[in-house]
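S.K.: Quick one, structure for this:
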Amino acid sequence: MPMGTADHGTMADGTLSPDYCHFCFYEGAFTADLTMEEMIQECVGYAESFRDENGKIYTREEAIEQMRLIFPRLKRWKEAAQSSAETLPTGEDA
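M.R.: Below you'll find the predicted structure:
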């Protein structure tokens, strides 16, 4: 979703974050230290307001299913998953 200038979060130096909104990111840090699954559970509380571009209302279960498909592709969790994968042992002796 496109963000207007007032919607952007801020970096530690006060500049606008190019990637995150002010609800998620403030002064260079995430406003809530949540795992992806915790964020899904937080968001599902608003499931009755989830609609697609055609106005279809999602059920709670449909909303969770969609978030589990979409959230892993979001920068916040995609980068975390990549960084975790880089630190996992490969099974080879060092």
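S.K.: from here on, contacts and neighbour counts on C-alpha atoms
M.R.: Fine.
S.K.: quick one: the closest residue to residue 49 other than its chain neighbours from residue 44, how far?
M.R.: Of all residues not flanking residue 49 in the chain, residue 57 sits nearest, at 7.3 Å (Cα to Cα, 6 or more residues apart in numbering). As for residue 57, its distance to residue 44 is 13 Å (criterion: Cα to Cα, to the nearest Å).
S.K.: Which of those two has more residues huddled nearby?
M.R.: Comparing residue 57 with residue 44 by other Cα atoms under 10 Å, the one with more neighbours is residue 44, at 19 against 15.
S.K.: which residues does that one contact?
M.R.: Contacts for residue 44 (Cα atoms under 8 Å, 6 or more residues apart in numbering) come out as 60, 63, 64.
S.K.: likewise residue 8?
M.R.: Residue 8 makes contact with 16, 17, 18, 19, 20, 21, 22, according to Cα under 8 Å, 6+ apart.
S.K.: With residue 5 instead?
M.R.: Here residue 5 is in contact with residue 16 (Cα under 8 Å, 6+ apart).
S.K.: about what we covered before: how about the contacts of residue 8 in CSV, adding secondary structure and pLDDT?
M.R.: Shown next, in CSV, are those (DSSP: H, G, I helix; E, B strand; the rest coil; pLDDT from 0 to 100):
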residue, secondary structure, pLDDT
16, strand, 92
17, strand, 91
18, strand, 89
19, strand, 88
20, strand, 89
21, strand, 87
22, coil, 88
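S.K.: Can I have the buried ones of those as a PyMOL selection?
M.R.: Those of those that count as buried under 16 or more other Cα atoms under 10 Å are selected in PyMOL with:
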select buried, resi 16+17+20+21+22
